[in-house]
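**Q** Starting from these lines, generate the structure:
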Amino acid sequence: MTVEFEIFEVLVGVLSPLVLILGFAAINLLRKLEKLEDIIIDYDNYITELTKQIEYSSERLKKIDEKGMFEGDDEIGWFFNHIQEIQNKLEEFKAN
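**A** A predicted model of the protein is given here:
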């Protein structure tokens, strides 16, 4: 055997497991990335639906308040004012 052949065998012996380990690591990272992308898509859908609900609630409260029916009654007016405050705080969290 020549020295060049022995060096080749050593390099193949060292690099083969290294390639397998790096290949496994790359596949593992790809799977984790795909799971995270699915989670991000789910959160994006949730935020979009939440934004739609906030906008719908805001429109409904504005329609109800147009008539001014809740100003005359103290207890209902107080409750309605607090609902409006909650709605205003929720509107800060809407997605653009």
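
**Q** Toward the C-terminus, what is the element adjacent to the lengthiest helix in the chain?
**A** Taking DSSP state H as the criterion, the chain has its longest helix at helix 3-66. Using DSSP states H and E, the helix or strand that follows helix 3-66 in sequence is helix 74-91.

**Q** Tell me who's in contact with residue 84.
**A** 61, 65 (C-beta atoms under 8 Å, 6 or more residues apart in numbering). Just so you know, the C-beta spots here come from the backbone N, C-alpha and C atoms, and that holds for glycine as well.

**Q** quick revisit: what mean pLDDT does the longest helix of the chain have?
**A** Taken as a whole, helix 3-66 has a mean pLDDT of 91.

**Q** Centre-most residue in the protein?
**A** residue 43 (3.1 Å; C-alpha atoms, centre = their mean).

**Q** Give the other helices and strands that the longest helix of the chain contacts.
**A** helix 74-91 (3 or more C-beta pairs under 8 Å, 6 or more residues apart in numbering; DSSP states H and E).

**Q** Okay, buried residues for the helix it packs on please.
**A** Residues of helix 74-91 classed as buried: 80, 84, 90 (neighbour count, 16 or more other C-beta atoms under 10 Å).

**Q** Ramachandran angles for residue 92?
**A** phi -70, psi -20 (degrees, to the nearest 10).

**Q** how deep is it tucked in, by neighbour count?
**A** With neighbours defined by other C-beta atoms under 10 Å, the count for residue 92 comes to 7.

**Q** from the buried residues of helix 74-91, which is closest to residue 33?
**A** When the buried residues of helix 74-91 are compared for distance to residue 33 (C-beta to C-beta), residue 90 wins out at 32.9 Å.

**Q** Now do the same contact list for the closest residue to the closest one other than its chain neighbours.
**A** Leaving aside its chain neighbours, residue 90 sits nearest to residue 54 (5.0 Å; criterion: C-beta to C-beta, 6 or more residues apart in numbering). The contact partners of residue 54, taken as C-beta under 8 Å, 6+ apart, are 87, 90-91, 93-94.
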